[in-house]
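**Q** Take this sequence and fold it.
(chains A and B, ligands or ions: 1)
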Amino acid sequence: MSVNMNLNDDALQHETEPKGAIINGNKPIDQLEAANRFILAQAHEKMHDNRLWDLRKKRDAQMHLIPEWEELRQLASDIKEHTLEHLAYYLEIFEKNAKANGIHVYWAIDAEECNAIAIKIMKDHKTRTLVKSKSMLGEECGLRHAVEKEGIIVIETDLGERIQQLDNEDPSHVVVPAVHKSRTDVSRVFTKTLNAQAGNNDIHYLAETQRETNRPYILKAEAGMTGGNFLVAETGAVVVCTNEGNADLSANTPKLHIVTVGIEKVIPKLEHLAVFIRLLSRSALGSPITQYTSYFRGPRQQGGEMHVILVDNTRSTRLADKQFKAGLKCIRCGACMNTCPVFRRSGGLSYGSTYAGPIGLILSPGYNKHKFRNLPFASTLNGSCANVCPVKINIHEQIFTWRVVLAEKGELSFTKRVMMQAAGKILAHPSLYRAAISNADRALKYLPHFLVYNNLNTWGRQRDLPFTPKETFHSWYERNYMKKGKVHE
Amino acid sequence: MSNRDLILNRIRHACTVEYVELSSVPFFHQKNLDILDKFKKVFTEMGGEWLDKDLKNPLKAVNDKLASAKNICSVVSEVKGNYEITSQSSPNSLHDIDFAVVRASFGVAETGSICLTEKDLVVNTLGYLPQHLIVLLDPKEIVENLHDAYARPEWKIYHYAALHSGPSATADIEGVLIRGAQGVRSLSLLLF
Ligand code: SF4
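**A** Numbers count the residues shown, from 1 in each chain, chains lettered A, B, ... in the order given. Take a look at the predicted model:
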């Protein structure tokens, strides 16, 4: 280790961990405010940036090993689009086959209903302890808190997720939930909650502490819960990917296995599963596959029970919205976050939403336009997210479209309203805009100045973009609009 | 109307495109690929321990590993253990096993994975609760890639099957790789 790295590491271990966005009921989240605090914690910001960029580089290395990579992405995109266009058909096939295998299938309109169904199943089985593997849908539904309120002990079994649970904090990343924490931050949490030795921030020790303290819960839990990465309609199976094997432990040790999963996760056949498994971990972590890719097609012998809750929670509404439907293709790999300059430098918790980073910018306002109205502005629109997305979601275009939609719905602050008027011409011609941003490099080159360097792109203002503007938005704006009296605000 | 019908109706309302069959996914086989070589390489990269076959005594490497172990549960006829389980054993009772020995249904060269079904494991937790896992694999049962893997019959026969690619691992703290996160601490493999 070089002297420099030692110094950096020393700074990191002594720096206070930056906390996420301030959440205040339905008030709009101020991502920029939280991001600024994250940046002030320089050592944390640097570690976070480096770790995620490292994942991005590993992803690229894996991609280069697969000659058919682009073909796989196209296939993945086509399969998802096809399935979403015939979602009812495939869900019914899934349900029929799952039931035939002995799985109980439930349908939940929203988060509340999902939680209520899960709680009822657990109570019917006299559950006192639930061991749970990481699930973004569970996060989205606030499932853990709802179950805990019923007096049931909930134990997250994924290391990162467990750290976040014990620290009373949401996961900051869909794949690596505690990526923003240093080993000292983790050590502090474990000292307080797991009786770990104070001051021992050895990573092996910390991981071992979690393993040893989780085991007894896994062995005695009456219920286990997992999410689902994919549902295979053809066989009625649920597929879960983990590196720790914690989904297999959670699902196979207790008698009862409950799955909560979004309806968009269904795919038609096993042959399609191969395409997604080839892409998922390579995109997420730059490894060829997760250590465990587990396939649950029915309850196990020894009197096991398997229950699957299919959750809508705004998905059917999004499906009907041609502009934002593509967000449903997401397989939650996190690649768009790892590549995003804003995410890397502001941390997942700054978004104040279950889904952070580029995918969060386009999903979150779909859940709550007002609360998440600032999120679509936390982007430089450089298009890198869309370039790495394994299912080819046009993320940056959707971010832009959200800005337009939020403007139309009156969800813009005063400054943003003024800016949007200036941007009106381009907005009025989506094809012009799309041509300009169809490719990441070209986007920055040809995007009209004011679209990149103005108060809309909260990030272009004060941070290092690849080049410096020759003219600030304000002077440009003044020259072109103020004098001509085109501002009515 | 039930929730089910409500959700399905909403979806049907949103979907207007006529059904066209998806074309089938190609197998993307590579020319001149040494499948065994590739399997060994990726298996090791994923953190698996490769056991070499002794010509005179093929199971020597396995028996050496087991020599000083206390609780050994073997569900393969070739290796003798001292810890018996049946398909009716309670899943959580397997926690004090040091070494489990199982035979995998097949291997996947592309990802260095082995497939363990509920039949291979006898009790599913045998793949996760023991401290270490030793796997036997017939070299004839290694397929080239995941397309081949998911074309296998196991997925339609069993209620549970998992691809294991190396041992349980995590890099959740500062990106430092730890083997043996929640499940087995090591995964070794002998072609036999
Ligand atoms: S939007 Fe694409 S890149 Fe981002 S998490 Fe989803 S699938 Fe991955």
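
**Q** From now on I want contacts and neighbour counts done on CA atoms only, so please keep to that.
**A** OK.

**Q** What is the three-state secondary structure of A:Leu130?
**A** Assigned with DSSP: H, G, I helix; E, B strand; the rest coil, A:Leu130 falls in the strand class.

**Q** for it, what are its contacts?
**A** A:Leu130 sits next to A:Ile152, A:Ile153, A:Val154, A:Ile155, A:Ala221, A:Glu222, A:Ala223, A:Gly224, A:Met225 when contact means CA atoms under 8 Å, 6 or more residues apart in numbering or on different chains.

**Q** Show me chain A divided up by domain.
**A** For chain A, the structural domains run A:10-30+A:61-316, A:414-482, going by automatic domain parsing.

**Q** Would you check that B:Gly47 makes contact with B:Pro167?
**A** Yes. Between B:Gly47 and B:Pro167 there is a contact under CA atoms under 8 Å: 6.4 Å.

**Q** Looking at the two, which is more packed in?
**A** B:Pro167 (29 against 19; other CA atoms under 10 Å in any protein chain shown).

**Q** Can you tell me what sits against the biggest helix by length in chain A?
**A** Secondary structure assigned by DSSP state H gives helix A:42-65 as the longest helix of chain A. Contacts of helix A:42-65 from elsewhere in the structure, counted by CA under 8 Å, 6+ apart, are A:8-9, A:11-12, A:15, A:17-18, A:38-39, A:69, A:179-182, A:282-288, A:335, A:337-339, A:344-347, B:174-175.

**Q** average model confidence for that helix?
**A** Averaged over helix A:42-65, pLDDT sits at 96.

**Q** Helix or strand next in line after that helix, which one?
**A** Where DSSP states H and E defines the elements, the next helix or strand beyond helix A:42-65 is helix A:69-85.

**Q** do the helix or strand just after that following helix and chain B meet at all?
**A** Sequence-wise, the next helix or strand downstream of helix A:69-85 (DSSP H and E) is helix A:87-100. Yes. Helix A:87-100 is in contact with chain B by CA under 8 Å from any CA of the partner chain, via A:Leu87, A:Ala88.

**Q** Adjacent strands (with direction) for the helix or strand just after helix A:87-100?
**A** Where DSSP H and E defines the elements, the next helix or strand beyond helix A:87-100 is strand A:104-108. Sheet partners assigned to strand A:104-108 using DSSP bridges are listed as strand A:305-311 (parallel).

**Q** ok, and what's touching the partner strand?
**A** Contacts for strand A:305-311 (CA under 8 Å, 6+ apart): A:102-111, A:114, A:117-118, A:255-263, A:298-299.

**Q** That strand vs helix A:87-100, what angle?
**A** The directions of strand A:305-311 and helix A:87-100 differ by 170 degrees, with axes from the mean of the first three to the mean of the last three CA atoms, to 10 degrees as the criterion.

**Q** And the residue of the stretch 301-450 of chain A closest to chain B?
**A** Going by CA to the nearest CA, chain B is nearest to A:Ala320 of the stretch 301-450 of chain A, at 4.3 Å.

**Q** And the residue lying closest to A:Arg188 once chain neighbours are set aside, what's its pLDDT?
**A** Residue nearest to A:Arg188 in three dimensions, not counting chain neighbours: A:Ala198, with 7.2 Å by CA to CA, 6 or more residues apart in numbering or on different chains. We have a pLDDT of 96 for A:Ala198.

**Q** what residues are up against A:Ala198?
**A** Contacts of A:Ala198 by CA under 8 Å, 6+ apart are A:Ser187, A:Arg188, A:Thr191.

**Q** what does the one helix or strand the second one maps to contact?
**A** Taking DSSP H and E as the definition, one finds A:Arg188 inside helix A:183-193. Helix A:183-193 has contacts (CA under 8 Å, 6+ apart) with A:13-14, A:17, A:163, A:166-167, A:196-203, A:206, B:173-174.

**Q** Mind checking what secondary structure residue 32 has?
**A** Picked chain A for this. Assigned by three-state DSSP, the conformation of A:Leu32 is helix.

**Q** and it, how many neighbours does it have?
**A** For A:Leu32, using other CA under 10 Å, the count is 20.

**Q** the helices in chain B, which residues?
**A** Counting by DSSP H, the helices of chain B are B:3-14, B:35-45, B:60-66, B:118-121, B:146-149, B:154-157.

**Q** between the ones you listed, which one is nearest to the ligand?
**A** Nearest to the ligand among the helices of chain B is helix B:146-149; the distance by CA to the nearest ligand atom comes to 19.4 Å.

**Q** Among the domains of chain A, show the one with the smallest mean pLDDT.
**A** domain A:414-482 (a mean of 48).

**Q** Who are the contact partners of the closest residue to A:Leu270 other than its chain neighbours?
**A** In space, and not counting its chain neighbours, A:Leu270 is closest to B:Tyr150: 5.8 Å by CA to CA, 6+ apart. Residues counted as contacts of B:Tyr150 (CA under 8 Å, 6+ apart) are A:Leu270, A:Glu271, A:Leu273, A:Ala274.

**Q** Now intersect the residues you listed with the strands, please.
**A** Among the contacts of B:Tyr150, no member falls in strands (DSSP state E).

**Q** Pull up the per-residue confidence for the nearest residue to B:Thr170 once chain neighbours are set aside.
**A** Distance criterion CA to CA, 6+ apart; nearest residue to B:Thr170, sequence neighbours excluded, is B:Ile178 at 5.3 Å. We have a pLDDT of 95 for B:Ile178.

**Q** surely B:Ile178 meets B:Gly166?
**A** No. B:Ile178 is beyond contact range of B:Gly166, at 11.9 Å (criterion: CA under 8 Å).

**Q** Alongside chain B, which residues does the stretch 301-450 of chain A contribute?
**A** A:Gln301, A:Gln302, A:Asp312, A:Ser316, A:Thr317, A:Leu319, A:Ala320, A:Asp321.

**Q** hang on, A:Leu194 packs against A:Asn214?
**A** No. Under the criterion of CA under 8 Å, A:Leu194 makes no contact with A:Asn214, lying 9.9 Å away.

**Q** what's the neighbour count on B:Arg12?
**A** Look at B:Arg12: counted by other CA under 10 Å, it has 18 neighbours.

**Q** What residues does it make contact with?
**A** A:His86, A:Leu87, A:Ala88.

**Q** and those residues, which are buried?
**A** A:His86, A:Leu87, A:Ala88 (16 or more other CA atoms under 10 Å in any protein chain shown).

**Q** my guess is the first one meets B:Leu22, correct?
**A** Okay, so that is A:His86. No. Between A:His86 and B:Leu22 there is no contact, the gap being 11.4 Å when judged by CA under 8 Å.

**Q** picking up where we left off before, output the contacts of B:Tyr150 as a markdown table; include the columns neighbour count and distance to B:Val123.
**A** Shown next, in a markdown table, are the contacts of B:Tyr150 (neighbours: other CA atoms under 10 Å in any protein chain shown; distance: CA to CA, whole Å):
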| residue | neighbour count | distance to B:Val123 |
| --- | --- | --- |
| A:Leu270 | 21 | 25 |
| A:Glu271 | 21 | 28 |
| A:Leu273 | 21 | 25 |
| A:Ala274 | 21 | 26 |
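
**Q** Using TSV, lay out the residues you listed together with distance to the ligand.
**A** Listed next are the contacts of B:Tyr150 as TSV, based on distance: CA to the nearest ligand atom, whole Å:
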residue	distance to the ligand
A:Leu270	19
A:Glu271	19
A:Leu273	15
A:Ala274	16
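
**Q** Report pLDDT for A:Gly410.
**A** A:Gly410 is given a pLDDT of 79.

**Q** For B:Ile178 and B:Gly166, indicate the residue with more neighbours.
**A** Legend: neighbour count by other CA under 10 Å for B:Ile178 and B:Gly166, higher for B:Gly166 (30 against 19).

**Q** so how many other residues sit close to residue 172?
**A** This is for chain A. A total of 27 residues lie near A:Ser172 under the criterion other CA under 10 Å.

**Q** ah, I was thinking of chain B
**A** For B:Asp172, using other CA under 10 Å, the count is 25.

**Q** before we move on, what about the one 4 residues further on?
**A** For B:Val176, the number of neighbouring residues by other CA under 10 Å comes to 12.

**Q** Report the mean confidence score over stretch B:59-66.
**A** Regarding stretch B:59-66, the rounded mean pLDDT is 96.
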